[in-house]
Structures are given as C-alpha cells and as structure tokens.
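[1] Please find the sequence and the predicted model below.
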Amino acid sequence: MALRLFEGKEHAASYCKYRISPSDQLIQRVIDFFEKQRTRPFELAVDVGCGSGQGTVMLAKHFASVVGTDVSPAQLEEASLHAKEPNITYRRCVAEELPFADNSVDLVTAMSAFHWFDRPRFLQEAHRVLNPNGCLALLNYTLSMELSYPDCSVDALNQVCKELYAALNPYRSSHLGANSKDLYREAYESIPYPDKEWEDCVWVRKPMTLSSFIGFVQSFSSYQALLREDPQKAASLSQDFCQRLMSIMQVTSAETEVVVAVKYLYLLARKPLEV
C-alpha cells in the first residue's frame, strides 16, 4: 500500500504555505502533450495526491472540471480553503482506488506524489480511469536545487545546501530508494503506451524569501521525520542552516529575497485508442 505522510494539520499548513508549485511553463508542457491528439474543450482532470492543491489549481483554466484527491483530511481542508476556482472539487481517497468510472478521465496527474504511492497499483488504476487518448502526467522536483543571491558565491551557498541535504539523508524514507528519480524512470519504462515522453532536466526558478526557502526544506518528509524523532536537533539544524546562508549572503534578515532554482522531471504517457 501507499506510504501515508504529510497528514498532520501542522504539516499540512506548512506544506500549503511553503511548497513550490510547478511553473506555468511546466504545466503547459503537459497540456501541449495532451493536446497533440485531443481537441478542446477538455473535460475532466484528476490530480492525485494533490496535498494542499498548489498543482490542482493550475489545471483549472484548461479543464471544465478538476478533481483533486488525497488521503489526508488536513491536506484537503487546506486545499479547500484556498481554492477559489468554481470548477475545482476535492475528494478523499487513496491513490490506488480512485472514485471514477472506467474510461472517464481525460488527464490524471500526480505532482510530487507518485513516489509515495503503491506504484504498480496506481499505474493500473490510472489506466482503468483514463479515457482512450487520455494522458497520465507524473511530475516531481529533485534535490538538485540552487540558490543565488546578487554578488554572492553560488558555490558557497549551494555547498551549505548540500550539507543540509546530507544531514537529512539518514531520515529519508526507505520507500523512496536511493534516488526517487529512478522510481519515475522505472515507471516510464514499465508503461506500455507507445506515445510517451520523458524529461529529467527542467529548471523552475522562483524568487522567495530565505525564510520561505527554509520553510520549504522543513516541509520535506526527511526533515519531518527528524522533527518527530528529535525536535531540538531539527530546530538547531534549520537555524544553523539559515545562519550560515545569511553569513555568506552578508545579510541580517531571513526575509531577504533569494532565487531558488529547482530541477523537475516529468513523465507523460497517452493511453492508446485501442488497448
């Protein structure tokens, strides 16, 4: 079964506040792939493992109806609080048992969530609910993140980041294996659809305050695992991380804006007309 994380109210609130969304350009790549064999209007998209809905809302302008699903009531509560688009709804369910009829969904997405699922079962379920010519889109960011700040050594900043990720690595879930990218590549290879696309180097750059970047890191499952085990150690680690970055940047406020570059990967696959 899928691994269940991110379900507490505090974590859900942090997830909603700090998680980085895919860029409009990245979502457009999904839409462009989908549109190659489809004509508008597009009817139903389902965002599985939607969390607090950052990715879900980005689909709303492209589809008549968008449904975000998640196993966590706390995450869905956050998503509902921030969803203003009238064509978005949210439903609680596990990723491997979607409440949709066979051949009824145009697009199934999972954004930074697929690696937590029972992956073979989810792929079977996505196949079941997708319309012929419907598409599956799996997106995920990687820990290949780069900070930049004017007149500051990028190498020095990112060496600190690498040391933090290394400190968190012992708390990484074994469910993810050594490298979550491998899980997505394995899924890509296993999907029998002839029309599919793989890309593992799409950079998304986003300005944010240093404190928001720290909050983003604190939303990682590995940091949350450390927080549960040793709250004092987790707090010290993030405080030291922030202070070291501020020292390199020669600033005194964590509200200073930096640019965070995040590398994404994606898998796109189209269900054939005849299977």
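    Everything's here; your move.
[2] what about Ser174, neighbour count?
    Neighbourhood size, Ser174 [other Cβ atoms under 10 Å]: 7. C-betas here are computed from N, CA, C, even on glycine.
[3] Asn103 too?
    The number of residues packed near Asn103 is 14, by other Cβ under 10 Å.
[4] Wait, a helix at it?
    No. Asn103: not assigned to a helix; according to DSSP: H, G, I helix; E, B strand; the rest coil it is coil.
[5] list the contacts for Leu245?
    Neighbouring residues of Leu245 by Cβ atoms under 8 Å, 6 or more residues apart in numbering: 147, 157, 160, 210.
[6] Just confirm Val46 contacts Leu107, I think it does.
    Yes. Between Val46 and Leu107 a contact is recorded at 7.2 Å, counting by Cβ atoms under 8 Å.
[7] Overlap in contacts, those two.
    Shared contacts of Val46 and Leu107, defined by Cβ under 8 Å, 6+ apart, are absent.
[8] which of the contacts of Leu245 has the most neighbours?
    That'd be Leu210 among the contacts of Leu245, by other Cβ under 10 Å, with 22 neighbours.
[9] Check the gap between it and Arg121 for me.
    Remark: distance between Leu210 and Arg121 (Cβ to Cβ, to the nearest Å) = 40 Å.
[10] Low-confidence ranges, this structure, go.
    For the chain, the stretches with pLDDT under 70 are 1-19, 275.
[11] pull the longest strand from it.
    Using DSSP state E, we find that the single longest strand of the chain is strand 130-148.
[12] who does that one pair up with?
    If you go by DSSP bridges, strand 130-148 pairs up with strand 105-111 (parallel), strand 257-270 (antiparallel).
[13] Point out the most buried one among those strands.
    Among the strands paired with strand 130-148, ranked by average contacts under mean count of other Cβ atoms under 10 Å, first place goes to strand 105-111 (a mean of 26).
[14] Identify the residues contacting that one?
    Here strand 105-111 has contacts from 22, 30, 34, 38, 42-50, 54-55, 59, 63, 95, 117, 122, 126, 129-131, 134-140, using Cβ under 8 Å, 6+ apart.
[15] Buried ones among those residues?
    When those are checked for burial by 16 or more other Cβ atoms under 10 Å, the buried set is 22, 30, 34, 38, 42, 44-50, 54-55, 59, 63, 95, 117, 122, 126, 129-131, 134-140.
[16] where exactly do the strands run in this structure?
    Using DSSP E, the strands of the chain run over 42-48, 63-70, 88-92, 105-111, 130-148, 195-209, 257-270.
[17] would you turn those strands into a markdown table with distance to Leu168?
    Converted to a markdown table, those look like this (distance: least, Cβ to Cβ, whole Å):
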| stretch | distance to Leu168 |
| --- | --- |
| strand 42-48 | 26 |
| strand 63-70 | 24 |
| strand 88-92 | 29 |
| strand 105-111 | 21 |
| strand 130-148 | 9 |
| strand 195-209 | 20 |
| strand 257-270 | 16 |
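[18] closest one to Ser219 among those?
    Nearest to Ser219, of all the strands of the chain, is strand 130-148, at 12.0 Å by Cβ to Cβ.
[19] quick check, distance from the closest one to the centre of its chain.
    7 Å (Cα atoms, centre = their mean, to the nearest Å).
[20] hey, C-alpha coordinates of it in PDB?
    Provided in PDB are the C-alpha atoms of strand 130-148 (Å, rounded to 0.1, in the frame of the first residue of the first chain):
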ATOM      1  CA  LEU A 130      -8.300   7.200 -18.300                       C
ATOM      2  CA  ASN A 131     -10.200   7.700 -21.500                       C
ATOM      3  CA  PRO A 132      -8.700   6.300 -24.700                       C
ATOM      4  CA  ASN A 133      -6.400   9.100 -25.800                       C
ATOM      5  CA  GLY A 134      -6.300  10.300 -22.200                       C
ATOM      6  CA  CYS A 135      -3.000  11.200 -20.600                       C
ATOM      7  CA  LEU A 136      -1.000  10.400 -17.500                       C
ATOM      8  CA  ALA A 137       1.400  13.100 -16.200                       C
ATOM      9  CA  LEU A 138       3.800  12.400 -13.300                       C
ATOM     10  CA  LEU A 139       5.900  15.400 -12.200                       C
ATOM     11  CA  ASN A 140       8.400  15.700  -9.400                       C
ATOM     12  CA  TYR A 141      11.100  18.100  -8.300                       C
ATOM     13  CA  THR A 142      14.500  16.800  -7.300                       C
ATOM     14  CA  LEU A 143      17.000  17.900  -4.600                       C
ATOM     15  CA  SER A 144      19.100  19.500  -7.400                       C
ATOM     16  CA  MET A 145      18.200  22.900  -6.100                       C
ATOM     17  CA  GLU A 146      20.400  26.000  -6.500                       C
ATOM     18  CA  LEU A 147      20.300  29.300  -4.500                       C
ATOM     19  CA  SER A 148      21.500  32.500  -5.900                       C
END
